[in-house]
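Enquirer: My questions concern the predicted model and sequence given below.
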Amino acid sequence: MNEQNKNRVVITGIGIVCPLGNDVPTMWDNILNCRSGVDATTIFDASTFPTKFCSEVKNFDITKYTKNPKLHEQGNRHSRFAVGAAAEACKQAKINIETENPADGIDRKRMGIYLGAGEGSVDNENFFNAIVQGWDDASNNMDWNKWAAVAFGKMTAYRELEQEPNMPAAHLAMLTGARGTVRSCLTACAASTQAVGEAFKIVQSGRADIMITGGAHSMIHPLGITGFNRLTALSTRNDSPQTASRPFSASRDGFVIGEGAAIVILETLESAKKRNVEILAEVIGFGSSNDAFRVTDMHEEARGAVSAIESALKDAGLTNKDIDYISTHGTSTSENDSIETLAIKTVFKEEAKNTPVSSVKSMLGHLIGAAGAAELITCVLAIRDGILPPTINYNDPDPALDLDYVPNKPRKADVNIAMDESFGFGGQNNVVIIKKYQK
Amino acid sequence: MTAPLAVITGLGAITPLGLSYKDLWIAIQQEKCGINRITAFDPAGFTCQIAGQAPEFAIRDYVPKAMRKTTKLMSRDIELAIVAADDAFKDAGIITKAFDEQNITINPKRTAITLGAGLISCDLIELAPAVARSITDGKFDIKKWGEDGINLLTPLWLLKYLPNMLACHVGIIHDIQGPSNTITCAEAAAQIAIGEAAQIIARGDADLALAGGGEAKVNPIVHIRQCLLKRAASNYNDNPTAACRPFDAKASGSVFGEAAACIIMESPENAKNRNAKIYAQISGLGQSCSINPKYESIEPDGKGIQYAIESALDEAKITPQQLDLIIPHGTGILADDAAEAAAIRSVLGSAADAIPVFPTKSLVSNTGAAAGAVDVIAACCMMRDGIIPAAKNCENNVSKLNIVKQEIKKDINYVLCCSYTYGGQTAAVVLKKYE
């Protein structure tokens, strides 16, 4: 595409529902005060699981965000979180929601949605009990007639439908009236960074004036925790949940699972100016790659991560000297934090030590599909306020990991350009770069 | 006249009609139906007892020797995608790492993969022994599950069920290192994935892409979901091949099936440089969304489908009269078919009286995240051979669309494919014969 024809893309709204608060100001205040959102699991009885804690959204009340809560009451946790986060972001971007006549200067056919959204939890009680009733010990097999009798009797259409990963996007379409490009993707822990990146390209190339993008996910349910516990990916520091997420520390023992939704409004500069909305930052680069290595491990030389970072820098027209802050994927697993540090050192070379990097997962936990967009929001705020969010629980540095991780307290710094990194199971790598808006 | 976004140079599929796209196309021309009584599990207790099931295959045959161990980490959705990708790369005459490591003809870093995937359901038979260990007084006991039951699951259990694993395994087998995405928009996923891959090529982020989708819908929990939503046909358990009846008065719902379908797309320059045969070019893409408080269905006026078609035609810079063929989503769900027909009529106006419409699902079944790519492949074959076969199971057409009654032989220059899904996402693709 011809460079001259590319639109400048700016961020005009942000919204979040997360373990550190159900709006952006609360979340940011908690982060700048180094608070942890982690505590004992309450969503289900995890008392006998290897991991008994997580980072939950607390006191979420959808009626604060929508006048039509009935429309979303069947929605799974993350769909409802998405409604809350989108309502906050739309308000800031002056996008009128829940109205037939929005009168906000936006053509709905030119406004789209792109979410990195997870699946909803299964209907636990009925799901498991149907298996209990259907299992035939004698034949060591399922009796599908018995299973079907229970399942048809107990399971309900909408509870099943709402597990589909495109449901959060459906709820946001009903909320906002968006009729442009509407997509949903799921590339594990990299999903919402990928969604924001592709949405950026959709706006940049003129396929939409506005994209409502970000992510929503909750895997805090029995099968989700089962899966991650079996992979031994989760921290089992049950005696100290709030210090369990300790990215880049020598004693890190896994990630702490979180949940939530994070929404970012992307808009052409032209549209933002025409509508006279505040510009929070500019999106300038996106890079995406695939490790193509193993589904179980990251590439030892960080091949895919390096390639995604380099593509994003190239897309933004930057060099490795231009980045003021990196919001890392920083999960607190042994593997990720080592490989990610290696990737940064490979790309940034001698600049690596002068580039502060931090992981807000130390406070938020890992929001899985929603993680990248939540972290991007902290990048926007870092640029706005000139302050770097810290990596907390950094008390025993891993000698092999020697970057500036902004340990334990926030730091004042002029941030002109920030980079957000996300890496997902299977080798999915996505990187987005944003910049302070300048005319 | 517009520059193509990308050109299509390879087709691949595994469907209820065979293990390759060639089998699929032959069967479609013979009006063969791939729907039958479910054999994957005993369906007697289900309202709908029929489905489109793929022929048997051995996944080992599609995975290089050095990687055979990974087949243990593959759900059926992943296996299907691997078979279709193999077919597509071979059809395009491309040598990847999987075929001959010494003579690779793609640049891995400049190759993208974008696949549509469904909500992969766990294998209940795999879970059941662990559940059986977690029972107190005849009920599931989460405490027992946490301390005992879960240990019966293989440590890598979760990795079988992440939707992005279709693209990840295919990417590993063929060494695809460029952009990789997984679109999870249910029945609209494949055409959205094809659209996104075309955009990635058009903006210069890849020279070549594998795109499409795959989903294994013949699974008790996936199947019951469609039954509970009353989307699955329940009146034709004794007559499976007559069951899926898009746009027909006697339709009683859709029939679901398993498939994967992939296409190879390239920048025109990349295709020319390697002398590739070109099936078609992608001239227009459109996307929108249906908005309906009953979001398992499409809004009755089909507005979201209409907008997607309008923008696809806009980008292709053609008038409705120039279309030679439409492959609609056409599921056999009466209300959704009526909404889609209304959308097509509202864009095409009286031009719709003449343009042949060929729904594939009466033969192939509704293959979810693969469906849109199955349709694009069918469109490419029809365009190449200049044949539009007769549509099946539409003796009592209730739409105001020109559903093909008898085989037509004609030059096909432009084809419109469209798709939509519960949850609302819609997509339309305009294909043009390549000059």
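Expert: Arrived safely, thanks for sending.
Enquirer: so how many other residues sit close to the closest residue to chain B within the stretch 151-300 of chain A?
Expert: At 3.0 Å from chain B, A:G227 is the closest residue in the stretch 151-300 of chain A, using C-beta to the nearest C-beta. C-beta coordinates here come from the backbone N, C-alpha and C atoms, glycine included. The number of residues packed near A:G227 is 24, by other C-beta atoms under 10 Å in any protein chain shown.
Enquirer: quick one: what helix or strand has it in it?
Expert: For A:G227, the host element (DSSP states H and E) is helix A:222-230.
Enquirer: Helix or strand for the residue lying farthest from the centre of chain A, just tell me which one.
Expert: Farthest-out residue of chain A from its mean C-alpha position, per C-alpha atoms, centre = their mean: A:A138, at 45.5 Å. When elements are assigned from DSSP H and E, A:A138 belongs to no helix and no strand.
Enquirer: for the one 10 residues further on, same thing?
Expert: Assigned by DSSP H and E, A:A148 belongs to helix A:144-154.
Enquirer: what packs against that helix?
Expert: For helix A:144-154, the packing partners by 3 or more C-beta pairs under 8 Å, 6 or more residues apart in numbering or on different chains; DSSP states H and E come out as helix A:124-134, helix B:220-228.
Enquirer: Can you list the buried residues in the next helix or strand after that helix?
Expert: Following helix A:144-154 in sequence order, the next helix or strand is helix A:157-161 (DSSP H and E). Buried residues in helix A:157-161, defined by neighbour count with 16 or more other C-beta atoms under 10 Å in any protein chain shown: A:A157, A:R159, A:E160, A:L161.
Enquirer: so which of these also contact chain B?
Expert: Among the buried residues of helix A:157-161, the residues lying close to chain B (C-beta under 8 Å from any C-beta of the partner chain) are A:A157, A:E160, A:L161.
Enquirer: I'd like the residues you listed written out as JSON lines, with pLDDT and distance to A:F44 added.
Expert: Shown next, in JSON lines, are these (pLDDT from 0 to 100; distance: C-beta to C-beta, whole Å):
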{"residue": "A:A157", "pLDDT": "97", "distance to A:F44": "23"}
{"residue": "A:E160", "pLDDT": "97", "distance to A:F44": "19"}
{"residue": "A:L161", "pLDDT": "97", "distance to A:F44": "21"}
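Enquirer: just so I have it, where are all the strands in the stretch 1-150 of chain B?
Expert: Applying DSSP state E, counting those that start in this stretch to the stretch 1-150 of chain B gives strands spanning B:6-14, B:35-37, B:50-52, B:111-117, B:135-136, B:139-140.
Enquirer: quick one: low-confidence parts of chain A?
Expert: In the predicted model of chain A, residues A:1-4 satisfy pLDDT under 70.
Enquirer: Check the stretch 101-250 of chain B for the residue nearest chain A and tell me.
Expert: B:L158 (3.0 Å).
Enquirer: Name the nearest residue to B:D337, ignoring sequence neighbours.
Expert: Spatial nearest neighbour of B:D337, chain neighbours left out: B:F247 (5.1 Å); criterion: C-beta to C-beta, 6 or more residues apart in numbering or on different chains.
Enquirer: next one: phi and psi at that neighbour?
Expert: The phi/psi pair for B:F247 (degrees, to the nearest 10) reads phi 70, psi 20.
Enquirer: can you check A:G15 too?
Expert: Backbone geometry at A:G15, expressed as degrees, to the nearest 10, gives phi -150, psi 150.
Enquirer: can I assume it is in contact with A:L280?
Expert: No. The pair A:G15 / A:L280 is not scored as a contact, 11.7 Å apart, by C-beta atoms under 8 Å.
Enquirer: So which of those two has more stuff around it?
Expert: Remark: of A:G15 and A:L280, A:G15 carries more neighbours, 29 against 23, as counted by other C-beta under 10 Å.
Enquirer: What count of nearby residues applies to A:V256?
Expert: Neighbours of A:V256 (other C-beta under 10 Å): 29.
Enquirer: Apologies, that question was intended for A:V150.
Expert: What A:V150 shows, counting by other C-beta under 10 Å, is a neighbour count of 17.
Enquirer: And A:T236, by the same measure?
Expert: Each residue near A:T236 was counted by other C-beta under 10 Å, and the total is 15.
Enquirer: Enumerate every residue touching it.
Expert: Applying C-beta atoms under 8 Å, 6 or more residues apart in numbering or on different chains, we find A:T236 in contact with A:P50, A:T51, A:D253, A:G254.
Enquirer: quick one on the thing from earlier: ok, the residue lying closest to the residue of the stretch 151-300 of chain A closest to chain B once chain neighbours are set aside - contacts?
Expert: Nearest residue to A:G227 in three dimensions, chain neighbours excluded: B:L158, at 3.0 Å (C-beta to C-beta, 6+ apart). Applying C-beta under 8 Å, 6+ apart, we find B:L158 in contact with A:T226, A:G227, A:F228, A:R230, A:L231.
Enquirer: and B:L158, helix, strand or coil?
Expert: The local conformation at B:L158, judged by DSSP: H, G, I helix; E, B strand; the rest coil, is helix.
Enquirer: how far away is it from A:G215?
Expert: Going from B:L158 to A:G215 by C-beta to C-beta, to the nearest Å gives 19 Å.
Enquirer: same deal with A:K6?
Expert: 25 Å.
Enquirer: Can you report phi and psi for B:A186?
Expert: The phi/psi pair for B:A186 (degrees, to the nearest 10) is phi 50, psi -120.
Enquirer: any idea which helix or strand carries A:G260?
Expert: Per DSSP H and E: strand A:259-268 holds A:G260.
Enquirer: from the chain's centre, how far out does that strand sit?
Expert: 9 Å (C-alpha atoms, centre = their mean, to the nearest Å).
Enquirer: elements contacting it?
Expert: strand A:9-17, helix A:77-92, helix A:191-204, strand A:210-218, helix A:371-385.
Enquirer: May I see these arranged in TSV, with distance to A:E301 as well?
Expert: Shown next, in TSV, are these (distance: least, C-beta to C-beta, whole Å):
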stretch	distance to A:E301
strand A:9-17	32
helix A:77-92	35
helix A:191-204	22
strand A:210-218	28
helix A:371-385	23
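Enquirer: Return the most buried member of these.
Expert: Mean neighbour count (mean count of other C-beta atoms under 10 Å in any protein chain shown) peaks for strand A:210-218 among those, with a mean of 34.
Enquirer: For that one, which strands pair with it and how are they oriented?
Expert: strand A:111-117 (parallel), strand A:259-268 (antiparallel) (DSSP bridges).
Enquirer: Report the angle between the longest one and helix A:191-204.
Expert: Put simply, strand A:259-268 runs at 10 degrees to helix A:191-204, going by axes from the mean of the first three to the mean of the last three C-alpha atoms, to 10 degrees.
Enquirer: Equivalent analysis for the first one, please.
Expert: In this structure, strand A:111-117 runs at an angle of 160 degrees to helix A:191-204, with the same axes, to 10 degrees as the basis.
Enquirer: Now do the phi/psi pair for the closest residue to A:S36 other than its chain neighbours.
Expert: The shortest distance from A:S36 to any non-neighbouring residue, by C-beta to C-beta, 6+ apart, is to A:Q242 (4.1 Å). Main-chain torsions, A:Q242, degrees, to the nearest 10: phi -70, psi -20.
Enquirer: give the contact list for A:Q242.
Expert: A:Q242 neighbours (C-beta under 8 Å, 6+ apart): A:S36, A:V38, A:D39, A:N393.
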